[in-house]
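Peer 1: Sequence and predicted structure are below.
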Amino acid sequence: MIPQWSEDRLILTAGHVAPTDPGVAGGSTKVMDLAELIATVRREGVTRYPGRFRDVELRVPGLEVLNRPLLTGLMLRFISRGGCRLVDRRRVEVVSLLWLVRRALGFLTDALSVRALIRSVERALDRLAEPSTPAPARDDPRHGVPVYLRTDLWFGLEMGGALAHTLGVVGSLFKRHPGLVCLMADTVPGLPAGVERHALAPPTRFWDFRELPQLVSSFDFERQALACISGRAVSFFYQRYSIGNITGALLARRLGVPLVIEYNGPEVWIARHWGRPLAREALAERIERTNLAVADLVVVVSEAMAPWLEAMGVAPDKILVNPNGVDPERFSSDLDGSAVRRELGWSADQPVIGFIGSFGPWHGAEVLVSAFLRLSARFPEARLLLIGDGVTLPRVREMVRASGLTERVAFTGVVPQAESPRHLAACDILVSPQVPNPDGTTFFGSPTKLFEYMAMGRAVVASRLGQMGRVIEHDVTGWLVEAGEAESLRKGLEVLLADAGRRARLGQTARAEVLRTYTWDRHCERILDRLGERMVRTP
């Protein structure tokens, strides 16, 4: 069945752009995510969409980094019988015939250069595979200027675990190294005041081709980074690994400086199982292995990743298992969430179950909603607060709509990182319902939400899955349930909804455990200690 939207005006969002906008939604205007439209068109067939809307507008974080611009422009022009625009924070581009012709010429120019780009990447990988000259004696990594590299081509990110990790690590390193330099492809909201930061201009070419912008960015970012750090004594590079990128390896090898790779998961596997398989898997795997080989230290967030890396040839003494963390001053049990409750129209005596996340396939938001619907008859006063946005959100919304309980569930959409603690404070129980990996491999995540929940001093319900089953001690620092099982989650939620005293006790012990073990300061101390051990001074 085709969604019941207006045939008048359609506003689409893509990337990390909030999917709702009260200024334009309502009336004859429909706001929806571009990915949702594409899925619907594929399902229903393109023959029902020519000229369907009088006016179409696509909002993106940046027009210069729009993925597949020619194909996107053609699709928008196809479904619009009138106005057709692309909009970002700075400008508007009308998708006219001239615009399409210019894009087509750019596409042809890039297409002729693809083979040369691949060859240049392969040559760079060949050079990085050659034995390097032994490094001279090095000082302790606590001295000198560390350089933080964030090369993800994600733009407009306002919330989520990736952003929380960046803010946590940068903030902690900055306390120890006031000279820290941050080089990032996009503006990151919430960085500490005083941190020296430089924007790495993203590539201007190959956006019509899958994965090629990531490849060319390695060389673009290397040149820009060298200019930013010229004349400084760099102590080490710290790179949040991003798929297809070798900037950190190029810089470390050129300058003879240690490289720390933050490896949050096997990107090729993630694309294959949680997204769309890569067009150039073999090359992506070679890039991944090269980064791991060049790195002096590989930081992983869970024990499950250590044997994975060892199977890829990484020496065990190069691997540091280091769970994610939290800033306990930002996420605190002292915060008051009553204002958020008032905004939602919920009273202080209504128990609220909360979830925050990017609604990825691994997050299990559907399991949480299913469990909540099952317990709603016994606890009609209970409410569910869902914070964030992502690919599974349309399915979650549909589950709630079909249940007829929409008045008991609130969707906030994207909430800026600075606002997330206030929303979590409005909750009595916080849930991390991650599901097992689809291929049966060990769950390798370390959800930042889990540590944020614990720091809030609220009762935490989490899946007994991977690291979460070790961080949470059942009925001591939280309540564990079977991963992916809505009935097990329902039972756990019912236990806590019925016992306010137990909720308070679990919240208190959880916060105490976070303060002892899982702050970002402790996280970075472990990195610097291990790097210092590996940077042995020669006589």
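Peer 2: Everything's here; your move.
Peer 1: how about low-confidence regions in this protein?
Peer 2: Segments of the chain classed as low confidence (criterion: pLDDT under 70) are 1-7, 15-27, 133-143, 156-160, 536-539.
Peer 1: Geometric centre of it: which residue is closest?
Peer 2: Nearest to the mean C-alpha position of the chain, by CA atoms, centre = their mean, lies residue 162 at 4.0 Å.
Peer 1: From residue 369, how far off is residue 401?
Peer 2: According to CB to CB, to the nearest Å, residue 401 and residue 369 sit 11 Å apart. The C-beta positions use only the backbone N, C-alpha and C, and glycine is treated the same way.
Peer 1: Check residue 424 too.
Peer 2: Taking CB to CB, one finds residue 424 at 18 Å from residue 369.
Peer 1: And for residue 359?
Peer 2: Taken as CB to CB, the span from residue 359 to residue 369 is 11 Å.
Peer 1: Now for these two: what residues contact both?
Peer 2: Residues touching both residue 359 and residue 369 by CB atoms under 8 Å, 6 or more residues apart in numbering: residue 396.
Peer 1: What's the local residue count around the nearest residue to residue 188 once chain neighbours are set aside?
Peer 2: Once flanking residues are discounted, residue 188 sits nearest to residue 166: 5.8 Å by CB to CB, 6 or more residues apart in numbering. Residue 166 is flanked by 22 other residues according to other CB atoms under 10 Å.
Peer 1: I'd say residue 166 and residue 189 touch.
Peer 2: No. Residue 166 lies out of contact with residue 189 (CB atoms under 8 Å); the separation is 10.3 Å.
Peer 1: Residue 395: how many residues sit nearby?
Peer 2: Around residue 395 there are 12 residues (other CB under 10 Å).
Peer 1: With residue 422 instead?
Peer 2: Counted with other CB under 10 Å, residue 422 comes out at 15.
Peer 1: Past the helix or strand harbouring it, which element shows up next along the chain?
Peer 2: Using DSSP states H and E, residue 422 sits in helix 420-424. As assigned by DSSP H and E, the chain's next helix or strand after helix 420-424 is strand 429-432.
Peer 1: Quick one: distance of the next helix or strand after that following strand to the chain centre.
Peer 2: Going down the chain from strand 429-432, the next helix or strand is helix 448-455, by DSSP H and E. Centroid separation for helix 448-455 versus its chain: 16 Å, with CA atoms, centre = their mean, to the nearest Å.
Peer 1: which secondary structure elements does helix 448-455 contact?
Peer 2: In terms of contact count using 3 or more CB pairs under 8 Å, 6 or more residues apart in numbering; DSSP states H and E, helix 448-455 is assigned the packing partners helix 161-176, strand 352-357, helix 420-424, strand 429-432, strand 459-463, helix 468-471, helix 500-517.
Peer 1: The second one versus helix 161-176: what angle between them?
Peer 2: Orientation note: strand 352-357 sits at an angle of 80 degrees relative to helix 161-176 (axes from the mean of the first three to the mean of the last three CA atoms, to 10 degrees).
Peer 1: wait, isn't residue 14 in contact with residue 57?
Peer 2: No. Counting by CB under 8 Å, residue 14 stays clear of residue 57, with 11.3 Å between them.
Peer 1: ok, back up a step: same list (the helices and strands packed on helix 448-455) but as a markdown table, adding distance to residue 529.
Peer 2: Below are the helices and strands packed on helix 448-455 laid out as a markdown table (distance: least, CB to CB, whole Å):
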| stretch | distance to residue 529 |
| --- | --- |
| helix 161-176 | 12 |
| strand 352-357 | 31 |
| helix 420-424 | 29 |
| strand 429-432 | 28 |
| strand 459-463 | 28 |
| helix 468-471 | 21 |
| helix 500-517 | 15 |
